[in-house]
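Engineer: Need coordinates for the following:
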Amino acid sequence: MSRPADPAAPSRAVPSTRSAKLGDFTFDRGALRLIAMAPVVATAGTAAAWALLQLIALVTNLAYFGRLSTAAVDLSHSPWGIAAALVPPVGCLIIGLMARYGSEKIRGHGIPEAIEAILIGSSRIQPKVAVLKPLSSAVSIGTGGPFGAEGPIIMTGGALGSLFAQLFHLTAAERKTLLVAGAAAGMTAIFGTPVAAVLLAVELLLFEWKPRSLIPVATAAIVAAAWRPLLFETGPLFAFSGMVDLSGPALLAVIGVGIAAGFGSGILTALVYGFEDLFERLPVHWMWWPVLGGIAIGVGGLIEPAALGVGYDSIRDLLAGHLPPGDVLRLLVVKALIWSIALGSGTSGGVLAPLLIMGGALGALEGTVLPGGSGVWALLGMAAMMGGTMRSPLTAAVFAVELTGNLAMLPALLAACIAAYAVTVLLLKRSILTEKIARRGHHILREYIVDPFELTRVGDVMVARVDTLPAAMPVDDAVAFFTDESGDPRHKSYPVVDEAGRPVGMVARADVLRWMVSGWPRGTSLADAVSGLPLVLGHPDEMVGRVADRMAEGDAGRVPVTRREDGVLVGILARKDLLRVRARLRTEEIERSRLLRPGGQR
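Structural biologist: Predicted coordinates for the structure are as follows:
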């Protein structure tokens, strides 16, 4: 504002939205459009999941048996013999070339990349990622990579959701919802776990729990579950009927399995990023790192063929208790080493299925000294390893129930997952998912808390005694008022009020300084000078967060607070008052006090 505004222009107040109609949740008709789009995204995600599994099976048959087929195979029966150890390095070389000349975003296990796209990339994923990620994952897993398909399908389903959203005029938040809807649909299609997919979305991807995102994501998971019987096997993927009684010693054993899985989670996370650091020190281009990881996979496959590939048969064997302890130990050690080396090298593949195998193997070993059979403890170890490593205990517990169809195990699964979760959050600052993002310079806080701005009303923090300037004051007097150094210290800005006490604008020291430089018409009043300029207003009964949003949009440092019924000024809200809200929350977090004392004294 280089000169006073046109006196004929009317004053313009920024609307205060529907702040008088507060509710528990924010939901509007725009979310209905996302709900209508969710089935389309779910269908695409389900189709992508089916195509990915078929592609993995095709690559496996080509690489290890030299035939065009999508039939299920046992890699230990490959006719190549010891030469089969060369298959993983070749597959990893292809992935390195795809990453270098296609897109680096295909490297890794998919979930960190999806999180990064949501939080940093405005939920926009490039079309080539949607094509290259499943292709690279199929090559990786099909040539023996010890990975799961869930990470790649989460990334692929999310990419399809993002691409679909980019066809429409949507906000970044709405694109995020459709991205996550595609991811949840893909996970549901692979595992048949719609509830766990929704929980995973909440715990890992949405970074909020709002109806506008939760309902479309749940819709997508439900639609994917409806499609699944037409494309995949029906029923639980790993049916299991074992039980554990949580009475006394058994509960302690369950918690012990969870604690052990928590320490195992820490070791696995350290291994992955330890090997990644080793690869970073190599004097060769990163394109060649997956080849070195592939060599480790090939050697590991010679020692324990069951450690290669997705390993669903190994999960079934662990739950059934068919593997002797020696075989279980060898599977655990080989799988952990080749998985962490390969993942650290930057190849493409998921982490969820490997975590189930390694957690199951650890639980099965513990089951050799615990009562009830190794299958029960293997299941608890699977869920606990997943919950601890991914820092998603609720997802892990429900995931195990849906995978096995065994609802009776839920209390024990929850106990084990929470124990593992407690260990990992105490031992490690970040999870295996967020560490990769942190290494790229971004910090993620995964704690969901209620915004204190949405719990505090403006009337509770505003300053009620307000210094004002009259609308009839000439600009000359306002200049003298701000430049007078002999009186009391001046605020940076003041509300300009009419005779009825209603604010008509705000005048700041910066405005006066500009007027002094550019000049102003003689006889101009403050009302004329501020007329037509945006005026951000607040009301005592609305939440601080709504006003803070308008302050940010209007770049306002101080906001007049008025009564709704007559518009009369009753207070002012400044930026420092917003900090008091934050300070109050901080006080509740750090100050300790004893409210009740022995003898009833307070």
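Engineer: can we go C-alpha only for contacts and neighbour counts from here?
Structural biologist: Fine.
Engineer: my guess is residue 581 is in a helix, correct?
Structural biologist: Yes: the assignment for residue 581 is a helix, going by DSSP: H, G, I helix; E, B strand; the rest coil.
Engineer: Where do the strands of the stretch 101-250 of the chain begin and end?
Structural biologist: For the stretch 101-250 of the chain, applying DSSP state E, counting those that start in this stretch gives no strands.
Engineer: oh, I was asking about the chain
Structural biologist: Using DSSP state E, the strands of the chain run over residues 12-14, 469-470, 493-497, 503-508, 534-536, 558-562, 569-574.
Engineer: which stretch among those strands comes nearest residue 38?
Structural biologist: For residue 38, the closest of the strands of the chain is strand 12-14, at 34.6 Å, according to C-alpha to C-alpha.
Engineer: Kindly present the strands of the chain as CSV, with separate columns for distance to residue 228 and mean neighbour count.
Structural biologist: Supplementary listing: the strands of the chain in CSV, determined by distance: least, C-alpha to C-alpha, whole Å; neighbours: other C-alpha atoms under 10 Å:
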stretch, distance to residue 228, mean neighbour count
strand 12-14, 50, 15
strand 469-470, 68, 20
strand 493-497, 62, 23
strand 503-508, 60, 24
strand 534-536, 52, 21
strand 558-562, 54, 25
strand 569-574, 54, 23
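Engineer: so can I have TSV of these showing mean pLDDT and distance to residue 413?
Structural biologist: Output for these, formatted as TSV (pLDDT from 0 to 100; distance: least, C-alpha to C-alpha, whole Å):
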stretch	mean pLDDT	distance to residue 413
strand 12-14	54	52
strand 469-470	90	66
strand 493-497	89	59
strand 503-508	88	59
strand 534-536	87	52
strand 558-562	92	52
strand 569-574	92	49
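Engineer: Any chance of these in TSV with distance to residue 484 as columns?
Structural biologist: As requested, the strands of the chain are exported to TSV (distance: least, C-alpha to C-alpha, whole Å):
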stretch	distance to residue 484
strand 12-14	30
strand 469-470	15
strand 493-497	15
strand 503-508	14
strand 534-536	26
strand 558-562	22
strand 569-574	23
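Engineer: Looking at those strands, which is nearest to residue 237?
Structural biologist: strand 12-14 (55.8 Å).
Engineer: Averaged pLDDT, the lengthiest helix in the chain. What do you get?
Structural biologist: Secondary structure of the chain per DSSP state H: the longest helix is helix 30-65. Averaged across helix 30-65, the pLDDT comes to 92.
Engineer: Please apply the same query to stretch 458-465.
Structural biologist: Stretch 458-465 comes out at a mean pLDDT of 90.
Engineer: what does it rub up against?
Structural biologist: 538-544, 561, 570-574, 577-578, 580-581 (C-alpha atoms under 8 Å, 6 or more residues apart in numbering).
Engineer: ok, back up a step: distance from the chain centre to the longest helix of the chain, please.
Structural biologist: Relative to its chain's centre, helix 30-65 lies at 21 Å (C-alpha atoms, centre = their mean, to the nearest Å).
Engineer: ok, now stretch 421-437?
Structural biologist: With C-alpha atoms, centre = their mean, you get 14 Å for stretch 421-437.
Engineer: which stretch among the strands of the chain comes nearest residue 368?
Structural biologist: Comparing the strands of the chain by C-alpha to C-alpha, strand 569-574 comes nearest, at 64.9 Å.
Engineer: got a list of what residue 320 touches?
Structural biologist: Residue 320 makes contact with 240, 375, according to C-alpha under 8 Å, 6+ apart.
Engineer: go again using 7 Å as the cut-off
Structural biologist: Counting by C-alpha atoms under 7 Å, 6 or more residues apart in numbering, residue 320 makes contact with residue 375.
Engineer: How much space separates it from residue 220?
Structural biologist: From residue 320 across to residue 220, the span is 33 Å (C-alpha to C-alpha, to the nearest Å).
Engineer: same check, this time on residue 246
Structural biologist: Taken as C-alpha to C-alpha, the span from residue 246 to residue 220 is 35 Å.
Engineer: Ok, residue 275 next?
Structural biologist: In terms of C-alpha to C-alpha, residue 275 sits 37 Å off from residue 220.
Engineer: These two: which has the busier surroundings?
Structural biologist: Neighbours were counted for residue 275 and for residue 220 using other C-alpha atoms under 10 Å; residue 220 has more, 35 against 19.
Engineer: The more buried one against residue 181, yeah?
Structural biologist: Yes: using C-alpha atoms under 7 Å, residue 220 is in contact with residue 181, at 5.5 Å.
Engineer: Overlap in contacts, those two.
Structural biologist: Here residue 220 and residue 181 share the contacting residues 38, 41-42, scored by C-alpha under 7 Å, 6+ apart.
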